[in-house]
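Asks: my questions concern the predicted model and sequence given below.
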Amino acid sequence: MSIDDSELRRHLGTSTSRRQLLKGFTLAGAGLVFGPSLLAACSSDAATPAATTGAPSGATGGTTVGAPAVDDAGSRLAKILNVDAANAGAGLTWQMGAVLALTGPGSYYGKTMTNGINLAVKHVKAAGGPDIVVTTLDHKSGDAQAGVDAMRELVAKKVPAKLASYVDDLGAMLPATEAAKMFTLDGGGGTSIFGQGKPYFYGTRAITPNDALPGALKYLKTAMPGKTKLGYIMWDLGEPVNTQIREDLLAKAKKEGFEFNGLYEVYPIGASDYSTLIPKIKANMPDILIAYGSGQDPGHFSSQWYTSGGTLCPFLGFELTPDGVNAAKGAYDQYGFMFAADYFDANVGVNPLAKLFIEEFQKEYGSMPDFYAANFYENTLAMWDMMRRVLAKKGDVNSGVELDAAFQADLSAASVYGGDATTVGKYQIDPKTHSVIRRPMGIFQQKDGKVTPLAYFDINGDDYRVA
């Protein structure tokens, strides 16, 4: 796998701004709906590669290659995943890339995703698997040029596979991903709409808010009877993207029996001042406000909304993160914050892989894992799964083509979401869109320092049930 510099330039160009990138998508006729971790805000800092990270020395229990100690995390993982030791990759050193938001306003995401990756790398080694050496690079919270630079470095190192976020850095990395045949899983933003069906690229989480809205509305219909008029505030992603998101959300709401009250306002990504937006909402107050934003944005809005005075309608968000909690300045806990997402609730993780992950994450980092750590833990394990599938066929694990073919043969992987006390969860990918077609989600409320599940459902509200 190699691409010379001229070909990289042809595929990657020198994108310099989100607006230019969105314009490019428009010319290409691509639909664009962004996931919850997708766009925090661009940073202008230079791309900063993180230190290359290999499997930590001294893995749990002093294990030796190919022989995990009894009852340590490695042996538990090998048993949970039913690993065939003959094809586990013991003794191999394997390269994997990870292009994350290490700096900029989304740096929280990069840190928690890295924690999930590093824990999985440690567990794979302890389970008798390979040494996974991770080259972690910075896309600076959605900077397209940083993504271009990261792809050049990974291609130069002949990395066959990578983990990604922000829908492969807002699409700037997708052409080179295809050209380099670099097998890629994005557990941060999924595929969105514009990334669907792209070769070698798969989204392993739900498209938000689109996939989560129907299930959330099923809950609101019964929890708030008579409140049928919805208004919307959304990130401003430019046209035709804003219109595409609007049409999709309004159609989904209508299908669930809700009306549109005429309020649909967009606001800048990364906004911290809502003094001009809030009066517009109050001038056309809906029964329920659908408020899509990510990171700190919903926290800033919540703080200013509840201190703005007057009679206020409830609002529904789509992501809970610690930086959002901090930005809310106590509003989440005092007034409550409802959100709908494929949220990983570490307090109720029940399947065997989830239990192992939660226990070991707490030991390693001294805190409970969030959904981004969970997604990148399970996606690192998915990479190991593809390696094992290739090894079972005596193939080349350093070929992105063979890794991709292994995934295409069975578009599913073990998950910390779903399942039950004896059965590991599993996510399933659509062969055409490369998006998840099954993903446990729910509507939750953060209040008084804790998260309470209100209802559970799958994509488009399937399998709905009250918590």
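Replies: Perfect, thanks for sending it.
Asks: distance of the closest residue in space to F318 that isn't next to it in sequence relative to N87?
Replies: Leaving out its chain neighbours, the residue that sits closest to F318 by C-beta to C-beta, 6 or more residues apart in numbering is P209, at 4.6 Å. C-beta: built from backbone N, CA, C; applies to glycine. Note on P209: its distance to N87, by C-beta to C-beta, to the nearest Å, is 40 Å.
Asks: more neighbours: which of these two?
Replies: With neighbours defined as other C-beta atoms under 10 Å, P209 and N87 compare such that P209 has more, 29 against 16.
Asks: the more buried one reaches I290, doesn't it?
Replies: Yes: contact criterion C-beta atoms under 8 Å: P209 and I290 qualify, at 7.3 Å.
Asks: any shared contact partners between these two?
Replies: Counting by C-beta atoms under 8 Å, 6 or more residues apart in numbering, the common neighbours of P209 and I290 are L249.
Asks: all helices for the stretch 51-200 of the chain, in order.
Replies: 73-80, 107-126, 144-156, 166-170, 174-180 (DSSP state H, counting those that start in this stretch).
Asks: SS state for the residue nearest to F318?
Replies: Using DSSP: H, G, I helix; E, B strand; the rest coil, the structure places P209 in coil.
Asks: distance of it relative to K432?
Replies: Taking C-beta to C-beta, one finds P209 at 22 Å from K432.
Asks: then A271?
Replies: For A271 relative to K432 (C-beta to C-beta), the value is 36 Å.
Asks: and if you look at I245?
Replies: On the measure of C-beta to C-beta, I245 and K432 end up 21 Å apart.
Asks: swap in S165?
Replies: 23 Å.
Asks: quick check: H123 touching D72?
Replies: No: applying C-beta under 8 Å, one finds H123 not in contact with D72, separated by 9.5 Å.
Asks: domain ranges for this protein?
Replies: 5-207+350-434, 213-341+440-466 (automatic domain parsing).
Asks: and the first one, how far from the chain's centre?
Replies: With C-alpha atoms, centre = their mean, to the nearest Å as the basis, domain 5-207+350-434 stands 10 Å off its chain's centre.
Asks: that one - what's its average pLDDT?
Replies: Averaging pLDDT along domain 5-207+350-434 yields 82.
Asks: skipping adjacent residues, who's closest to G324 in space?
Replies: G299 (3.9 Å).
Asks: wasn't the one you found part of a strand?
Replies: No: according to three-state DSSP, G299 belongs to no strand; its state is helix.
Asks: and it, how many residues sit next to it?
Replies: Around G299 there are 25 residues (other C-beta under 10 Å).
Asks: show me the contacts for it.
Replies: D323, G324, V325, N326, A327, A328, K329, A331, Y332.
Asks: okay, and the second one sits in which element?
Replies: Applying DSSP states H and E as the criterion places G324 in helix 322-328.
Asks: for that helix, packing partners?
Replies: helix 297-306 (3 or more C-beta pairs under 8 Å, 6 or more residues apart in numbering; DSSP states H and E).
Asks: got the CA coordinates for the helix it packs on in CSV?
Replies: Coordinates of the C-alpha atoms in helix 297-306 are reproduced here as CSV (Å, rounded to 0.1, in the frame of the first residue of the first chain):
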residue,chain,number,x,y,z
ASP,A,297,-22.5,24.0,23.2
PRO,A,298,-25.5,22.4,24.8
GLY,A,299,-24.1,23.2,28.3
HIS,A,300,-23.6,26.9,27.4
PHE,A,301,-27.1,27.0,26.0
SER,A,302,-28.6,25.3,29.0
SER,A,303,-27.0,27.7,31.4
GLN,A,304,-28.2,30.8,29.6
TRP,A,305,-31.7,29.4,28.7
TYR,A,306,-32.6,28.7,32.3
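Asks: so after it, what's the next helix or strand?
Replies: Following helix 297-306 toward the C-terminus (DSSP H and E): strand 315-317.
Asks: that next one pairs with which strands?
Replies: Sheet pairing of strand 315-317 (DSSP bridges) gives strand 288-292 (parallel), strand 337-341 (parallel).
Asks: who's in contact with the first one?
Replies: Yep, that's strand 288-292 we're talking about. 208-209, 213, 220, 224, 227, 229-235, 249, 253, 263, 281, 298, 301, 313-318.
Asks: next, the buried residues of that strand.
Replies: I288, L289, I290, A291, Y292 (16 or more other C-beta atoms under 10 Å).
Asks: tell me the contacts of the spatially closest residue to the second one that is not a sequence neighbour?
Replies: Spelled out, that is L289. The shortest distance from L289 to any non-neighbouring residue, by C-beta to C-beta, 6+ apart, is to F315 (3.8 Å). Applying C-beta under 8 Å, 6+ apart to F315 gives the contacts I288, L289, I290, A291, S302, W305, M338.
Asks: including distance to T177 and pLDDT, could those go into JSON lines?
Replies: JSON lines is the format used below for the contacts of F315 (distance: C-beta to C-beta, whole Å; pLDDT from 0 to 100):
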{"residue": "I288", "distance to T177": "39", "pLDDT": "98"}
{"residue": "L289", "distance to T177": "37", "pLDDT": "98"}
{"residue": "I290", "distance to T177": "32", "pLDDT": "98"}
{"residue": "A291", "distance to T177": "32", "pLDDT": "97"}
{"residue": "S302", "distance to T177": "36", "pLDDT": "97"}
{"residue": "W305", "distance to T177": "39", "pLDDT": "98"}
{"residue": "M338", "distance to T177": "36", "pLDDT": "98"}
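Asks: just the closest of those residues to A150, please.
Replies: Proximity of the contacts of F315 to A150, judged by C-beta to C-beta, is greatest for A291, which lies at 31.8 Å.
Asks: for D370, see how far away the closest residue to that closest one other than its chain neighbours is.
Replies: Distances taken as C-beta to C-beta, 6+ apart put F315 closest to A291, at 4.7 Å, once the chain neighbours are dropped. Going from F315 to D370 by C-beta to C-beta gives 22 Å.
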